[in-house]
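Undergrad: fold the following.
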Amino acid sequence: MCFAAVVLLATGASTAIGFEEGLGDESPSCVHELRYKSLAGLILVSVTINESPPLDFVLDSGATQGAINDPYLANSLGLKAREAGLARGMGSGATRVLIADDTCIRSDGVEILRGQLVVHNIGERLAALAGREIDGFLGADFFSRYVVEIDPVGLRLLLHDPETFVYRGRGEVLALEIADRRPVVVGTVTVEEGGREIPVRLVVDTGSGRYLTLITKSRRRLKPPPEQTLGASVGIVGEILVAMSPVWRFQLGSSTVENVEAAWMESFRVAAVRNIPKLNGIVGNRLLRHFRVFFDYRGGRLILEPLSGSPDIVHGISD
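TA: Have a look, this model is predicted:
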């Protein structure tokens with residue numbers, strides 16, 4: 001069920017991001033606010049289940065359902081988990097999963113979500129890559145329940161009621177398609193300087209610590225340049241090797257990223273290809289963190305407000 005929880009390997013590339021003029025900081029009132037920590041490019045929030053100590057959950061828009069990463073943890077929390085068959089994720093093959101019904105997740109004592117949680121066993125693999133334990137994921141059910149605002153300056157998640165949410169800021173509004181419970185946007189990629197712009201359909205995945213992941217040959221001209229290095233990604237099935245090779249330009253709305261490192265995968269390693277028509281890849285948190293982001297599933301909108309004071313940023317891809 002978890003689409004991707006990816007840790008970016010260090011590289012020596014650099015990226016230039018051009019932003020429009022700084023935008024306003026108006027923010028609609030919210031029903032709940034969570035503080036988060038950034039870990040290896042991921043968004044980590046503290047929650048509790050039943051009377052548990054704080055648990056670290058990744059905010060993962062690429063996950064079709066919320067999840068707990070360790071069956072033993074689920075058992076210690078008193079969750080009654082039933083067999084749910086096999087699940088497919090990043091990588092080849094499948095893995096056994098359980099379902100825990102009617103699970104209540106709280107933040108600061110406030111119930112923020114109640115429903116099913118998938119229980120799978122990837123905790124050790126994630127801990128090895130991230131350098132610490134990650135207990136679970138907040139997935140599609142969380143994003144469907146709220147308009148989710150990510151404020152990377154204040155390290156805050158602001159949860160808005162979709163029924164009353166009104167956006168009055170000056171951010172750029174992009175069309176957001178929900179396909180297979182995942183958010184999909186359209187951008188363009190130019191693989192090499194002087195090459196053609198290639199339209200791409202991308203899952204917006206807050207569970208990915210990369211800038212960009214592309215599915216090799218999912219469009220005729222979409223294939224990596226000859227110069228490549230190896231990287232690693234981890235999903236619920238296991239760890240896989242990917243080809244790392246920069247693209248000359250990536251554009252999402254009016255925002256352009258140049259010389260951005262991209263991970264290239266074969267289509268059979270991306271389970272979402274089976275359920276999302278004409279999928280070409282993933283855009284992750286290394287790009288999203290340069291914006292205040294609003295996920296409005298019911299309104300079919302992804303709203304991006306470039307962070308003020310950063311009209312031109314040049315930095316290492318692995319920062």
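Undergrad: only C-alpha atoms from now on, for both contacts and neighbour counts.
TA: Noted.
Undergrad: distance of E197 from A130?
TA: The gap separating E197 from A130 is 34 Å, by Cα to Cα, to the nearest Å.
Undergrad: likewise G207?
TA: Where A130 is concerned, G207 sits at a distance of 12 Å (Cα to Cα).
Undergrad: between the two, which one's more packed in?
TA: G207 (28 against 18; other Cα atoms under 10 Å).
Undergrad: where does the residue nearest to the more buried one when sequence neighbours are not counted fall, phi/psi-wise?
TA: Excluding the flanking residues, the one nearest G207 by Cα to Cα, 6 or more residues apart in numbering is D60, at 4.1 Å. Backbone torsions of D60, given as degrees, to the nearest 10, read phi -130, psi 90.
Undergrad: over to the one 4 residues further on?
TA: Backbone dihedrals for T64, given as degrees, to the nearest 10, come out at phi -70, psi -10.
Undergrad: direction included, what does the stretch of helix or strand M244 belongs to pair against?
TA: Using DSSP states H and E, M244 sits within strand 239-252. If you go by DSSP bridges, strand 239-252 pairs up with strand 182-190 (antiparallel), strand 229-234 (antiparallel), strand 255-265 (antiparallel).
Undergrad: weakest of those by average pLDDT?
TA: Of all the strands paired with strand 239-252, mean pLDDT reaches its minimum on strand 229-234 (a mean of 60).
Undergrad: quick one: pLDDT of the residue nearest to G207?
TA: 95.
Undergrad: one more: V242?
TA: V242 is given a pLDDT of 79.
Undergrad: can you check L34 too?
TA: At L34, the predicted lDDT confidence score is 95.
Undergrad: where does pLDDT dip in the stretch 201-319 of the chain?
TA: For the stretch 201-319 of the chain, residues meeting the criterion pLDDT under 70 lie at 228-240, 269, 271-273, 309-319.
Undergrad: quick one: the strands in it?
TA: Assigned strands in the stretch 201-319 of the chain, in chain order: 212-215, 229-234, 239-252, 255-265, 281-283, 291-296, 301-306, 312-316 (criterion: DSSP state E, counting those that start in this stretch).
Undergrad: tell me which of these sits most buried.
TA: When these are scored by mean count of other Cα atoms under 10 Å, the highest mean neighbour count falls to strand 281-283 (a mean of 26).
Undergrad: re earlier: and of the strands of the stretch 201-319 of the chain, who's closest to G115?
TA: strand 291-296 (20.2 Å; Cα to Cα).
Undergrad: and for that closest one, what's in contact with it?
TA: Strand 291-296 has contacts (Cα atoms under 8 Å, 6 or more residues apart in numbering) with 143, 146-152, 162, 301-307.
Undergrad: ok, it: who's next to it in the sheet?
TA: In the sheet, strand 291-296 lines up against strand 147-151 (antiparallel), strand 301-306 (antiparallel) (DSSP bridges).
Undergrad: spatially nearest residue to the spatially most central residue of the chain, not counting backbone neighbours?
TA: Centroid-nearest residue in the chain, with Cα atoms, centre = their mean: T206, separated by 1.8 Å. Closest residue to T206 apart from its sequence neighbours, by Cα to Cα, 6+ apart: D60 at 4.9 Å.
Undergrad: so how far is stretch 296-305 off the chain centroid?
TA: Mean C-alpha position of stretch 296-305 versus that of the full chain (Cα atoms, centre = their mean, to the nearest Å) differs by 15 Å.
Undergrad: could you give the angle of the lengthiest helix in the chain to strand 239-252?
TA: Of all the elements of type helix in the chain, the one with the most residues (DSSP state H) is helix 123-130. Angle, helix 123-130 to strand 239-252, by axes from the mean of the first three to the mean of the last three Cα atoms, to 10 degrees: 60 degrees.
Undergrad: could you break this protein into its assigned domains?
TA: Domain assignment for the chain, taken from automatic domain parsing, gives 14-24+169-316, 32-160.
Undergrad: and P225, how many residues sit next to it?
TA: For P225, using other Cα under 10 Å, the count is 12.
Undergrad: ok, now which ones touch it?
TA: Under the criterion of Cα under 8 Å, 6+ apart, the neighbours of P225 are 191-192, 245-246.
Undergrad: look up how far R249 lies from the residue in the chain sticking out farthest from the centre.
TA: Residue farthest from the centre of the chain, counting by Cα atoms, centre = their mean, is G194 at 30.2 Å. G194 sits at a distance of 10 Å from R249 (criterion: Cα to Cα).
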